[in-house]
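Novice: Got a predicted model here, sequence first, then my questions.
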Amino acid sequence: MSTKFKTVITTAGAAKLAAATAPGGRKVNITTMAVGDGGGKLPVPDAGQTGLIHEVWRHALNKISQDKRNSNYIIAELVIPPEVGGFWMRELGLYDDAGTLIAVANMAESYAKPALAEGSGRSQTCRMVIIVSSVASVALTIDTTTVMATQDYVDDKIAEHEQSRRHPDASLTAKGFTQLSSATNSTSETLAATPKAVKAAYDLANGKYTAQDATTARKGLVQLSSATNSTSETLAATPKAVKAAYDLANGKYTAQDATTARKGLVQLSSATNSDSETNLLSRWPQRQRRLRQRMTLLTGNTLHRMPPRRGKVLSSSVAPPTVILKRRLQRQRR
């Protein structure tokens, strides 16, 4: 029994595929699929065709790929959008980027594409499978700007992703998948802590230390205070309180020099010929002044106040009072 529906590679298509396998040959770049109604009847594909019998619509391929189970099968896919329709479909054709018909096929005739104006519309996918001796002779590329994602395409991509290893782990610098962990002694930077681990760490930390107030005998928690009239030994003064106390003390007293009329600061002086009433005489000038006063009294009234005793004569070897006073003065200085 002969096959009713089939796909054949045209003579021009076979020549291009053969040339592509030669050294330095150019790959066949299949880009377009056309749909026809066969002129009103089901056609039989012929290798000598250069075009469809009656083409009704043409568009860029939605997808072209190698079959996963048969490495020599090339699958071309065309998606007809809902807004296109109103024709019968009985034949399909694949064209390359040069406009050459590479393969032609017939299909079960159907008015499967009503137009939206007819009250109904849907997208429809048409596929053609061609067998080549070498997949390397065909460029499996498409224009991504014209691609529509079909349900089969989405399902295939999801399955492909699930089987792949393109699932990056989360890190400190990039988002990704991460594994939960309840460990409390791990140093990992790629795992995520569970609430159980967080609670265990919290309970441990909460039981380690009970906060105590600070006192003059131990460290602890302290409350700040800006009061300047408190006698507390458990509060800590704020800079505001310290400044208030400093400003008060600074404004209470301004140092002044002492005078004969008020108390104040004085400067010591050893001068014996000064008339100052703001300096304070040092101890040595006072003592020196008293000695001078005594010497004056002795030198001026020595014979009158110190008469010789009866029966005794002053010897010339006895030192005069001024000399004696000088000797005393020298001994005091030593």
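Specialist: It's in. Numbering: from 1, shown residues only.
Novice: Mind giving me the packing neighbours of the strand ranked longest in the chain?
Specialist: Of all the elements of type strand in the chain, the one with the most residues (DSSP state E) is strand 101-113. The contact analysis (3 or more Cβ pairs under 8 Å, 6 or more residues apart in numbering; DSSP states H and E) places strand 101-113 against strand 7-9, helix 11-21, strand 87-96, strand 124-131. Placement of C-beta: from N, CA and C, glycine included.
Novice: Pretty sure Lys27 sits against Ser137.
Specialist: Yes: the pair Lys27 and Ser137 passes the contact test of Cβ atoms under 8 Å, sitting 6.2 Å apart.
Novice: residues contacting Ser274?
Specialist: Contact criterion Cβ atoms under 8 Å, 6 or more residues apart in numbering gives no residues in contact with Ser274.
Novice: quick revisit: what inclination does the longest strand of the chain have with respect to strand 87-96?
Specialist: 160 degrees (axes from the mean of the first three to the mean of the last three Cα atoms, to 10 degrees).
Novice: buried set for strand 101-113?
Specialist: Under the neighbour-count criterion of 16 or more other Cβ atoms under 10 Å, strand 101-113 has 101-107, 109, 113 buried.
Novice: now do stretch 20-35
Specialist: Buried residues in stretch 20-35, counted by 16+ other Cβ under 10 Å: 20, 27-35.
Novice: gap between Thr296 and Gln330?
Specialist: 18 Å (Cβ to Cβ, to the nearest Å).
Novice: Make CSV out of the buried residues of strand 101-113 and add pLDDT and distance to Ser225.
Specialist: Compiled in CSV, these are given as follows (pLDDT from 0 to 100; distance: Cβ to Cβ, whole Å):
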residue, pLDDT, distance to Ser225
Leu101, 96, 96
Ile102, 94, 93
Ala103, 93, 93
Val104, 95, 97
Ala105, 93, 94
Asn106, 93, 98
Met107, 91, 93
Glu109, 86, 97
Lys113, 58, 87
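Novice: Identify, from these, the entry nearest to Trp57.
Specialist: Distance to Trp57 across those (Cβ to Cβ) is lowest for Lys113, with 8.6 Å.
Novice: so which pair among the buried residues of stretch 20-35 is furthest apart in space?
Specialist: Spatially, the most separated pair among the buried residues of stretch 20-35 is Ala20 and Val35, at 26.0 Å (Cβ to Cβ).
Novice: about what we covered before: could you tell me which residues touch both of Lys27 and Ser137?
Specialist: By the contact definition Cβ under 8 Å, 6+ apart, Lys27 and Ser137 are jointly contacted by Ala20.
Novice: Quick check: beta-bridge partners of the closest residue to Thr32 other than its chain neighbours?
Specialist: Beyond its immediate neighbours in the sequence, the residue positioned closest to Thr32 (Cβ to Cβ, 6 or more residues apart in numbering) is Tyr95, lying 4.3 Å away. According to DSSP bridges, the residues that bridge with Tyr95 are Thr32, Leu101.
Novice: any idea how far Tyr95 lies from Ala214?
Specialist: Separation of Tyr95 from Ala214 (Cβ to Cβ) stands at 89 Å.
Novice: in the stretch 201-334 of the chain, which spans are strands?
Specialist: With DSSP state E, counting those that start in this stretch applied, the stretch 201-334 of the chain shows strands at 223-225, 235-237, 267-269, 279-281, listed in chain order.
Novice: Output those as TSV; include the columns distance to Thr260 and mean neighbour count.
Specialist: As requested, the strands of the stretch 201-334 of the chain are arranged in TSV below (distance: least, Cβ to Cβ, whole Å; neighbours: other Cβ atoms under 10 Å):
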stretch	distance to Thr260	mean neighbour count
strand 223-225	47	12
strand 235-237	43	15
strand 267-269	15	11
strand 279-281	12	14
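Novice: So which of the helices and strands packed on strand 101-113 is the most surrounded?
Specialist: The highest average neighbour count among the helices and strands packed on strand 101-113, using mean count of other Cβ atoms under 10 Å, belongs to strand 87-96 at a mean of 22.
Novice: and the angle for that strand with helix 11-21?
Specialist: Counting by the same axes, to 10 degrees, strand 87-96 lies at 30 degrees to helix 11-21.
Novice: low pLDDT regions in the stretch 101-250 of the chain?
Specialist: Scanning the stretch 101-250 of the chain for pLDDT under 70 picks out the ranges 112-121, 135, 139-155, 157, 161-162, 164-166, 209.
Novice: For the nearest residue to Glu277 once chain neighbours are set aside, report the pLDDT, please.
Specialist: With Cβ to Cβ, 6+ apart as the criterion, Glu277 has its nearest non-adjacent residue at 5.5 Å, and that residue is Thr260. Per-residue pLDDT puts Thr260 at 84.
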